[in-house]
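>>> sequence first, then the predicted structure:
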Amino acid sequence: MDWLFFFEVSLAGLGFGALYALTAVAFVVIYKATRVINLAMGEMLMLGAYMFFGFAAALALPIWAALILALVGGALLGLILERLVIRPMLGESPISVFMVTIGLSSVFIGLVEIIWTAAPRSLPSFLPSDPIFIGDAFVAPKTFWSFVIAAVVIAVFLVLFRFWRGGVALRATASDQGAAYGMGINVPMVYSLAWGVAGLLAAGAGVLLGSIAGISSEMGFFGLTVLVVVIVGGLDSVLGALLAGLLIGWVESLAGVYLGGEYEHLVTFMILMVVLLLRPWGLFGTREIERL
Amino acid sequence: MTMRNRTSELFLGVASGLLLGLMTAGSAIADDPEEAEVGVEADVEDAIVIGGSIPMTGVFAFAGLQFNDGFRDFVQWINEEHGGVQGRKFRYVGQDTGYDPDQSVGVFRRITSREDVHFYFGDSTAFSQTINSALNRQDILMTGASFASELNNPEEYPLQFLLGPDYSEQVGVLLEYIANEDPGARVAFVYSDTEFGRDPINASVERAEDLGLTVAETIVTPPGAADISSAALEHRRARPDYTIFHGYILSPIPDFIERSRQMGMETRFMGTYYTMDQGIIDEMGDAADGFMGVMPYRYYYDEEADDYPIMRTIREMNDEYRATTYIQAWLVGMLLKEIVNATLEAGDELTGTNMRRALDSLEDIDTGGVIGVPVTFRGNSIPVGRIYRADVEAGRMVPVSDWIDLTEE
């Protein structure tokens, strides 16, 4: 067993797992606040990446400006979706809302193909490209820096979630909506906030993912693996999203090398199956989660 | 309406407008055609009709729109400059498929039911496989965008042919080049776990060994994989002299090359036809520098292009670079011109079977410079290609070999 190689493969997997974790947090925020399973998350991520592309490549704005505008666009997208599409569905059965988000993902793919065409493209590179070594182990700079950025964003999010008034309101609404109303929390505003924050996180993850793998109208496929991550971690657990993101990234990476690329997704979905059989509410989720 | 409602609606309106502005900033909203009719009218009795299931939208639209333009320009040129073939003029009818095999079949049925189609163009391997029995039944000759090795079988696919070397032959041309330049070199294959990706691998591993090359590794990536970190590490461990990608258009090739260079590898990277258009190479950015691959046709900007009549015509009709898929459509036209001519000279009707017989009788077909040597079909393919290397600074693909004909082995 070549342990250095194993370590390198593990680092690569954990690095990419951070992107799963970041997107999974966006997924969980929406679920916690509004009980909506948003299957359009991968496509929201894709729209964020395309907005960044529009500003950075087509309009040639500085990278920082393009990034801010893409994040603002992602947040706006979340806010608008909640207000126009999700809120009118309040009180409908979860399966109806679930189906609406599937519809949204198709609409977003169509939108991207209309505005930017379906041709595959590369994002302007903005992450440092000097090789990184941890001891003797090589880590691809894109993987390393996207891990660092994702970790910082998640840390900031967790601090806000814990101490900021909006974060507290979000947690209060998540644990007991009626009590939150009673305490004077503006619950509809919390819904909007959750979708806005999730849109922003998704756009950020989209830009990072696009800078690694390029962008195309099919990149929303990434959301499918993220769905596995949140189910494994527990739909309403931020901690579960973080750990499951890293776990799935790591396992996929090991499977890719030691079993072959054709087994990566197979292993991921086998983990999903085992978790669903043994702990359908996920490793860290709340037990009374409704099954669809 | 309360003040709060009004404020909320105002916010929503402003937010929507802002989002729309953000999304369309710096982008030209695509105005793609969904169908095309070019050439003589449908009621002209002896018209030679080309039908096409063309991916004008969807992931393959970058090629489909070029096919469409190529057919349009060829039909206009042959009708106006030559009065058709033996006085019979051409008509082209193409419809969008969105690169969906079901839609491609639907388009085929629609077009063949309302027109007397003599020749058809398909957009994918899946369509070529699905429509094969209908072609045989309706006696229509077809070619298309696919270079699948499976189609290179005249017994199974008697009324179809490929517009160059099949994927195994494309990799064969690359291997031939490597064996000549660097005998005994170590070669790795990196391919996607799709029908497209797997197509040439087994045959190419055998061919590489026959040519005295060492197969260092075959690395498969999951379809649509965003993360190729582990594959890149596996690739480093194999330490190949040459790495051949197949089953991708763009991603993850640039990321793979970048990572390999960051790890200090000096592997030379190569690709097959659909990765080799200048537009795709440009998207690779700096990673493309030195990237090599096989191309069955001349590029628009080829230094010798003006010495050959069809390449000259293409350049006269287009002031700016045209993709290789546009030139591919012209090749269809040139082959069809020869096939129709031979069929009519033999006194036969333009049925699929007769046209196939004519195709088999043709030797050393002159493609007007599109392919650098006179071509003869072997089975259903033309096993000829040339190796080009990307010169990123010049923004061009530069030939590094002569035309390699696998039948001369």
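Perfect, thanks for sending it.
>>> I'd assumed residue B:398 was in a strand, is it?
Yes - when classified by DSSP: H, G, I helix; E, B strand; the rest coil, residue B:398 is found to be part of a strand.
>>> do you know the pLDDT at the nearest residue to it once chain neighbours are set aside?
For residue B:398, ignoring the flanking residues on the chain, the nearest one in space by CB to CB, 6 or more residues apart in numbering or on different chains is residue B:391 at 5.0 Å. The way it works is simple: take the backbone N, C-alpha and C, and place the C-beta from them, glycine included. On the pLDDT scale, residue B:391 is placed at 96.
>>> show the contacting residues for residue B:391.
The contact partners of residue B:391, taken as CB atoms under 8 Å, 6 or more residues apart in numbering or on different chains, are B:289, B:397, B:398.
>>> try 10 Å this time
By CB atoms under 10 Å, 6 or more residues apart in numbering or on different chains, residue B:391 lies in contact with B:281, B:288, B:289, B:290, B:291, B:397, B:398.
>>> please enumerate the helices of the stretch 301-409 of chain B.
Assigned by DSSP state H, counting those that start in this stretch, the helices in the stretch 301-409 of chain B fall at B:309-317, B:324-345, B:352-361.
>>> what are the contacting residues of the last one?
Read that as helix B:352-361. Applying CB under 10 Å, 6+ apart, the contact partners of helix B:352-361 are B:117-120, B:135-142, B:154, B:158-161, B:335-336, B:338-351, B:365, B:376-377, B:380.
>>> can you say which of those are buried?
In terms of neighbour count (16 or more other CB atoms under 10 Å in any protein chain shown), the buried residues within these are B:117-120, B:135, B:139-142, B:154, B:158-161, B:335-336, B:338-340, B:342-344, B:350-351, B:365, B:377, B:380.
>>> and the gap between the residue in the stretch 201-350 of chain B that chain A sits nearest to and residue B:39?
Residue of the stretch 201-350 of chain B nearest chain A, by CB to the nearest CB: residue B:229 (3.2 Å). To residue B:39, residue B:229 is 51 Å away according to CB to CB, to the nearest Å.
>>> residue B:151 now?
Shown here: residue B:151 relative to residue B:39, a distance of 27 Å by CB to CB.
>>> now do residue B:133
Taken as CB to CB, the span from residue B:133 to residue B:39 is 29 Å.
>>> the more surrounded of those two?
Per other CB atoms under 10 Å in any protein chain shown, whichever of residue B:133 and residue B:39 has more neighbours is residue B:39, with 24 against 9.
>>> roughly how far out does the longest helix anywhere in chain A sit from the chain middle?
In chain A, taking DSSP state H as the definition, the longest helix is helix A:3-34. Centroid displacement of helix A:3-34 relative to its chain, using CA atoms, centre = their mean, to the nearest Å, is 9 Å.
>>> that older thread, count the residues that sit near the residue of the stretch 201-350 of chain B closest to chain A.
Applying other CB under 10 Å, we find 27 residues neighbouring residue B:229.
>>> okay, residue B:10: pLDDT?
Taking residue B:10 on its own, its pLDDT is 66.
>>> just the contacts of residue B:391: which are in strands?
Of those, the ones assigned to strands by DSSP state E are B:397, B:398.
>>> turn the contacts of residue B:391 into TSV, columns for neighbour count and pLDDT.
What follows is the contacts of residue B:391, written out as TSV (neighbours: other CB atoms under 10 Å in any protein chain shown; pLDDT from 0 to 100):
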residue	neighbour count	pLDDT
B:281	25	94
B:288	23	95
B:289	15	94
B:290	12	95
B:291	24	97
B:397	25	97
B:398	14	97
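>>> with the contacts of residue B:391 in mind, which one is nearest to residue B:87?
Taking CB to CB as the measure, residue B:87 lies nearest residue B:397 of those, at 39.4 Å.
>>> need the contact list for the closest one.
B:276-278, B:281, B:288, B:291-293, B:295, B:299, B:301-302, B:324, B:386-391.
>>> tell me what angle the helix or strand encompassing residue B:95 forms with helix B:324-345.
Secondary structure from DSSP states H and E places residue B:95 in strand B:90-96. Interaxial angle of strand B:90-96 relative to helix B:324-345 (axes from the mean of the first three to the mean of the last three CA atoms, to 10 degrees): 140 degrees.
>>> tell me which strands and helices strand B:90-96 is in contact with?
For strand B:90-96, the packing partners by 3 or more CB pairs under 10 Å, 6 or more residues apart in numbering or on different chains; DSSP states H and E come out as strand B:35-39, strand B:48-54, helix B:61-82, helix B:101-114, strand B:117-122, helix B:324-345.
>>> pick the most deeply packed of these.
When these are scored by mean count of other CB atoms under 10 Å in any protein chain shown, the highest mean neighbour count falls to strand B:48-54 (a mean of 28).
>>> right, is it up against chain A?
No - using CB under 10 Å from any CB of the partner chain, strand B:48-54 stays clear of chain A, coming no nearer than 14.2 Å.
>>> can you pull out the strands in the stretch 151-300 of chain B?
Ranges of strands in the stretch 151-300 of chain B, per DSSP state E, counting those that start in this stretch, are B:186-192, B:214-221, B:242-246, B:268-271, B:292-295.
>>> so residue B:244 bridges to which residues?
residue B:189, residue B:270 (DSSP bridges).
>>> my guess is it contacts residue B:208, does it?
Yes - at 9.2 Å, residue B:244 counts as touching residue B:208 under the criterion of CB atoms under 10 Å.
>>> neighbour count winner among those two?
Neighbours per residue (other CB under 10 Å) separate residue B:244 from residue B:208, with residue B:244 holding more: 28 against 25.
>>> got a list of what that one touches?
By CB under 10 Å, 6+ apart, the contact list for residue B:244 reads B:170-171, B:174-175, B:178, B:187-191, B:200-201, B:204, B:208, B:218, B:268-272, B:292-294.
>>> need the buried ones from these selected in ChimeraX.
In ChimeraX, the members of those classed as buried (16+ other CB under 10 Å) are selected with the following command:
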select /B:170,171,174,175,178,187,188,189,190,191,200,201,204,208,218,268,269,270,271,272,292,293,294
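>>> picking up where we left off before, partners of the strand holding residue B:95 in the sheet?
By DSSP bridges, strand B:90-96 pairs with strand B:35-39 (antiparallel), strand B:48-54 (parallel).
>>> what is the mean pLDDT for stretch B:85-98?
pLDDT averaged over stretch B:85-98 gives 96.
>>> one more: stretch A:80-88?
93.
>>> just stretch A:62-72 next, same as before
For stretch A:62-72, mean pLDDT rounds to 95.
>>> related to what we said a few turns ago, can I get the helices and strands packed on strand B:90-96 in a markdown table including distance to residue B:224?
Below are the helices and strands packed on strand B:90-96 laid out as a markdown table (distance: least, CB to CB, whole Å):
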| stretch | distance to residue B:224 |
| --- | --- |
| strand B:35-39 | 30 |
| strand B:48-54 | 24 |
| helix B:61-82 | 17 |
| helix B:101-114 | 18 |
| strand B:117-122 | 23 |
| helix B:324-345 | 22 |
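>>> need these in a markdown table (columns: distance to residue A:160 and mean pLDDT).
Listed next are these as a markdown table, based on distance: least, CB to CB, whole Å; pLDDT from 0 to 100:
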| stretch | distance to residue A:160 | mean pLDDT |
| --- | --- | --- |
| strand B:35-39 | 52 | 88 |
| strand B:48-54 | 51 | 97 |
| helix B:61-82 | 42 | 96 |
| helix B:101-114 | 47 | 96 |
| strand B:117-122 | 54 | 98 |
| helix B:324-345 | 49 | 97 |
